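**Student:** Return atomic coordinates for the entry below.
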Amino acid sequence: KPPLRVLFIGNSLTSWHNLPGYVASLAKRSGDSTFRYRMIAPPAVGLEDHWRIPRTRRALAEQRWDVVVLQQGPSAEPESRVHLCTWTKRFADLARSRGARPRLLMVWSAGRFGLQEVIDSYAAAAAAADAPALPAGVAWAAAWKRKPSLALHARDGLHPSRLGTYLTALVVYAGLRDVPPSRLPSSVVVSGKRFTVARQNAQTLRAAAAEALVAPLPAQSCG
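**Tutor:** Alright, predicted model coming up:
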C-alpha cells in the first residue's frame, strides 16, 4: 500500500488505550507496513486548546502528513456543537493548506444517553468543514443494537474500554484505507501487549464498523 502518515489530534478519548497504536497494529497485522502516526492527545483539551498548543501547530507546520485526524469530546450540547464546527473547520483548512486530508473522528456519549446528539454534532461539523467523519459513534450504536451487553466504555462511563478502542480502531483504519472491516484481525499488539477479541464479539464489532462506514450521516446544521 502507499505510505500513510497520520497525525492524531485529540484528547484522552484517543490516548486512553493508545487508539493510534491499535490502528497501527491492525495495519501491520494486515500486511500494511507503511502506516506511520504521531499522536498529540493530552487529557481534557478541545480543538480550540490545540490551536494554542505550540507542539500541535509545529507538528502541522514542520512535518508532512497525509491525513490529520481531529477529535474532540462528545460536544452534544448546542453551544458545544457550534464550538466543534468552528474549530474543526479551522484545523481542516490548516491541514489542507499543508497538503493533508482532514478527517473528523466521531466519538461517543458519556454512558449511552445522548449518543444520537453526539452523532448529530459530529455530522454537522464534518459537513461544515468538508472533513469526512470516521464514524466511531455510529459504530458503537450499531454494536449495542446487535449486542447490548458489550462493554465499550471503561468503568468511568466516558473513556473507551479496550473493546471500545478496538471497535474505534476498526472504523479508523478501515475508513482511512478503504478496506472491509471483515478482513481485519481480531487481535492487536500494542506496546508489547496482546489484546484479543473473542470470535463472536469480533464478528459483531466488524459488522458494526462496516455498517457505520456505509451509513449516511444525518443532515445537520452547525447553528
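**Student:** Other residues contacting the worst-scoring helix or strand of the chain on mean pLDDT?
**Tutor:** Ranked by mean pLDDT, DSSP states H and E, the helix or strand of the chain with the weakest confidence is helix 54-62, at a mean of 95. Defining contact as Cβ atoms under 8 Å, 6 or more residues apart in numbering, one finds that helix 54-62 is touched by 7, 9, 38, 40, 50-51, 68, 94-95, 98, 100. Backbone N, C-alpha and C define where each C-beta goes, glycine included.
**Student:** Now the element after that helix, going C-ward?
**Tutor:** Once the chain leaves helix 54-62, the next helix or strand it forms, by DSSP states H and E, is strand 67-70.
**Student:** Tell me the buried residues in the least confident helix or strand of the chain?
**Tutor:** 56, 59-60 (16 or more other Cβ atoms under 10 Å).
**Student:** could you pull out the helices for this structure?
**Tutor:** 12-15, 19-29, 47-51, 54-62, 78-97, 115-129, 136-146, 162-177, 199-214 (DSSP state H).
**Student:** What is the longest one packed up against?
**Tutor:** Meaning helix 78-97. Applying 3 or more Cβ pairs under 8 Å, 6 or more residues apart in numbering; DSSP states H and E, we find helix 78-97 packed against helix 47-51, strand 67-70, strand 101-106, helix 115-129.
**Student:** In JSON lines, list these along with mean pLDDT.
**Tutor:** Output for those, formatted as JSON lines (pLDDT from 0 to 100):
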{"stretch": "helix 47-51", "mean pLDDT": "98"}
{"stretch": "strand 67-70", "mean pLDDT": "98"}
{"stretch": "strand 101-106", "mean pLDDT": "98"}
{"stretch": "helix 115-129", "mean pLDDT": "98"}
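**Student:** From residue 57, how far off is the residue most central in space within the chain?
**Tutor:** Against the mean C-alpha coordinate of the chain, by Cα atoms, centre = their mean, the closest residue is residue 105 at 3.4 Å. With distances taken as Cβ to Cβ, to the nearest Å, residue 105 is found 19 Å from residue 57.
**Student:** swap in residue 6?
**Tutor:** 17 Å.
**Student:** picking up where we left off before, among the contacts of helix 54-62, which ones are buried?
**Tutor:** By 16+ other Cβ under 10 Å, the contacts of helix 54-62 give 7, 9, 40, 50, 68, 94-95, 100 as buried.
**Student:** which two of those residues lie the greatest distance from each other?
**Tutor:** The largest separation in these, counting by Cβ to Cβ, is between 50 and 100 at 14.8 Å.
**Student:** Quick check: chain neighbours aside, which residue is closest to residue 138?
**Tutor:** Spatial nearest neighbour of residue 138, excluding adjacent residues (Cβ to Cβ, 6 or more residues apart in numbering): residue 212 at 3.9 Å.
**Student:** is it true that residue 181 touches residue 204?
**Tutor:** No. Judged on Cβ atoms under 8 Å, residue 181 makes no contact with residue 204 at a distance of 11.1 Å.
**Student:** Can you give me the first-to-last residue distance of stretch 59-79?
**Tutor:** 29 Å (Cα to Cα, to the nearest Å).
**Student:** before we move on, what about stretch 150-162?
**Tutor:** Using Cα to Cα, one end of stretch 150-162 lies 11 Å from the other.
**Student:** ditto for stretch 101-117
**Tutor:** 26 Å.
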